[in-house]
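Asker: here is a sequence together with a model predicted from it:
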Amino acid sequence: NSYSDTGLSANTSYTYRVRATDAAGNLSGYSSIASATTQTAPTGGTALGNLAASMAPGTWAELTTNNIGVLNQNGTDGNIITYGDDAAWDPVSRKFFYIGNDHIDSVITETNRFVIYAESTNSWTNMPTPPWSNPGGTDHGNDHHGINPATGIMYRREWKDGDRSGMYHISSDTWTYTSHNTLLTYSQCCAGTDFFPEMGGLIWAQGGQGANVGDVFLYTESTDTWSVIQRGLPMADYTNLAVYNPVYKIVLFGRDLALYKLTQTGTITSIGAPPFNIYTGSGWNGNISVDPVSGEYIGMSSSDTSAPTLWAYNVPSNAWRQLGTRAGWVNHSAIQTPIPTYGVIMYVTCRATDCHVWLYKHAASSPPPSDTQAPTTPTNLSTTAISSSQINLSWTQSTDNVGVTGYRVERCSGSGCSTFTQVATPSTNSYSD
């Protein structure tokens, strides 16, 4: 396991120790201590980080960003998030990724638009067109994104007729592909996808109107292979969603007809239909995100005729509750992704060419079910100073009877120091400080 501890003081010695935790909050013993010294470079707050830090639980705030006009497109609705509902956030590069397009049928000069928001510049960038795009073809971004921060790969299901996902390698700005899913015979649209770290791959929950509706597949990244998790679940005949939960280590998938919980052991449980319309057939999508702090799922109804309603789904109690509405969002497209870095959800909304970025900070939820056995102690902690402001840590991963949900990295400053402060809670056995 590894982790990068960033934003440190230049030319300063830092000492680390790590312990593992599980969903019940049980803690292992501490690892051995390891130290490293940084080099030199200025550090400051960001617009995203500062705004998130200023928010109280249960509140919304608008984030003013630069160059948001890259979300506009020459189509029937004027923007690329029409009928989209999700995006991807990379906690390492601290960037927001989205690929989609407007209704551009027969507009041969338009194609998929790949946009990135970078926290460091608080600005949007229009990236080169993905190699699998089809000029003049409408390809909405309906829950087709996923990300593996450990390998720096952002997944995006290919354009219509795709039985695989494109794999965008963030550090090298290059594309590769998953293998073709030969277990899938109907691939024209509608799969909900997200990356499930504990299963080591991409979950693909197939919707649509032909064969394979209700089939759930796993793409294993390390072996480039597909497998069936379950077939024939009652599911929507159009778009589906799939949303990974970093707190409870599950994926919620499905849509209006039924939602399901998938655990890391491959167990699937139905939770029934949501108490709101995710999609009504009008063209305006609702969505479901997840609060990265409490682990509650946050649902938003379709905005086709009225302001969308907000709902919270509590995983342990298997219960929904209404949170309120978003006045002024009628007929607004909205995409979203959780930002674990700051404990918020980022929403991007557009009505025609008028686009905005919003942050939502959710209130805390109930604690996970009881679990009393602590994970094993992390071992072989090592540190490497790679710049004036960054030290990379890695260690041997821990094990747990239920599952290791993350690590708590503690640090003290100065040679021979002994007073430690927790600085990070990575989900994998590596960290960049």
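Answerer: Perfect, thanks for sending it.
Asker: what residues are up against the closest residue to residue 26 other than its chain neighbours?
Answerer: Distance criterion C-beta to C-beta, 6 or more residues apart in numbering; nearest residue to residue 26, sequence neighbours excluded, is residue 374 at 3.9 Å. All C-beta spots, glycine's among them, are computed from the backbone N, C-alpha and C. When contacts are counted by C-beta atoms under 8 Å, 6 or more residues apart in numbering, residue 374 touches 20, 22, 26-29, 400.
Asker: is it true that residue 107 touches residue 75?
Answerer: Yes: counting by C-beta atoms under 8 Å, residue 107 does reach residue 75; the two are 6.5 Å apart.
Asker: picking that back up, greatest separation within the contacts of residue 374: which pair is it?
Answerer: Within the contacts of residue 374, 22 and 29 form the most distant pair, 13.8 Å apart (C-beta to C-beta).
Asker: picking that back up, Throw the contacts of residue 374 into TSV and include secondary structure, thanks.
Answerer: Converted to TSV, the contacts of residue 374 look like this (DSSP: H, G, I helix; E, B strand; the rest coil):
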residue	secondary structure
20	strand
22	strand
26	coil
27	strand
28	coil
29	coil
400	coil
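Asker: mark which of those residues are buried, thanks.
Answerer: 20, 22, 26, 28, 400 (16 or more other C-beta atoms under 10 Å).
Asker: out of those, who's nearest residue 297?
Answerer: Out of these, the member with the shortest distance to residue 297 (by C-beta to C-beta) is residue 22, at 20.7 Å.
Asker: I'd say the closest one and residue 403 touch.
Answerer: Yes: here residue 22 lies in contact with residue 403, judged by C-beta under 8 Å, at a distance of 6.2 Å.
Asker: one step back: ok, of the contacts of residue 374, which one's closest to residue 293?
Answerer: For the contacts of residue 374, the nearest to residue 293 is residue 22 (17.0 Å; C-beta to C-beta).
Asker: bridging residues for the closest one?
Answerer: Residue 22 forms beta bridges with residue 404, as assigned by DSSP bridges.
Asker: mind checking pLDDT for it?
Answerer: The model reports residue 22 with a pLDDT of 82.
Asker: and what of residue 334?
Answerer: 89.
Asker: contacting residues around it?
Answerer: Contacts of residue 334 (C-beta under 8 Å, 6+ apart): 81, 85, 285, 287, 300, 303, 308, 347-349.
Asker: quick one: low-confidence ranges for the stretch 51-200 of the chain?
Answerer: 141, 160-161, 187-188 (pLDDT under 70).
Asker: same thing but 90
Answerer: 75-77, 82-85, 101-112, 132-143, 158-163, 184-191 (pLDDT under 90).
Asker: quick one: the strands in it?
Answerer: 59-63, 88-90, 95-100, 113-118, 123-127, 145-148, 153-157, 165-169, 174-177, 192-196 (DSSP state E, counting those that start in this stretch).
Asker: from the contact counts, what lies against the strand or helix carrying residue 217?
Answerer: According to DSSP states H and E, residue 217 maps onto strand 216-220. When contacts are defined as 3 or more C-beta pairs under 8 Å, 6 or more residues apart in numbering; DSSP states H and E, strand 216-220 sits against strand 201-205, strand 225-230.
Asker: I'd like the distance from the longest one to the chain centre, please.
Answerer: Which is strand 225-230. 22 Å (C-alpha atoms, centre = their mean, to the nearest Å).
Asker: which parts of it are buried?
Answerer: Applying 16+ other C-beta under 10 Å to strand 225-230 flags 226, 229 as buried.
Asker: and what of the first one?
Answerer: Across strand 201-205, burial judged by 16+ other C-beta under 10 Å covers 201-205.
Asker: how about stretch 48-61?
Answerer: Buried residues in stretch 48-61 (16+ other C-beta under 10 Å): 48-49, 51-52, 55.
Asker: could the residues you listed go into CSV alongside distance to residue 386?
Answerer: Listed next are those as CSV, based on distance: C-beta to C-beta, whole Å:
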residue, distance to residue 386
48, 24
49, 22
51, 29
52, 27
55, 32
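Asker: re the thing from before, Throw the helices and strands packed on strand 216-220 into a markdown table and include distance to residue 69, thanks.
Answerer: Formatted as a markdown table, the helices and strands packed on strand 216-220 follow (distance: least, C-beta to C-beta, whole Å):
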| stretch | distance to residue 69 |
| --- | --- |
| strand 201-205 | 31 |
| strand 225-230 | 39 |
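Asker: just checking, residue 84 touches residue 102?
Answerer: No: counting by C-beta under 8 Å, residue 84 stays clear of residue 102, with 10.0 Å between them.
Asker: against residue 190, how distant is the residue positioned nearest the centre of the chain?
Answerer: In the chain, the centroid-proximal residue (C-alpha atoms, centre = their mean) is residue 88; its distance is 4.8 Å. Residue 88 sits 19 Å away from residue 190, going by C-beta to C-beta, to the nearest Å.
Asker: relative to the whole chain's centre, how far out is stretch 14-30?
Answerer: 24 Å.
Asker: distance between the ends of that stretch?
Answerer: 16 Å (C-alpha to C-alpha, to the nearest Å).
Asker: picking that back up, in which helix or strand would I find the residue nearest to residue 26?
Answerer: Residue 374 belongs to no helix or strand, assigned by DSSP H and E.
Asker: if I look at it, how far off is residue 117?
Answerer: Taken as C-beta to C-beta, the span from residue 374 to residue 117 is 39 Å.
Asker: same question, residue 299
Answerer: To residue 117, residue 299 is 23 Å away according to C-beta to C-beta.
Asker: and residue 186, by the same measure?
Answerer: In terms of C-beta to C-beta, residue 186 sits 34 Å off from residue 117.
Asker: pLDDT weak spots in the stretch 201-350 of the chain?
Answerer: In the stretch 201-350 of the chain (pLDDT under 90), the answer is 206-214, 232, 234-240, 255-257, 277-286, 302-308, 326-334, 341.
Asker: again, 70 this time
Answerer: Those would be 208-211, 237, 281-283, 304-305, if you go by pLDDT under 70 across the stretch 201-350 of the chain.
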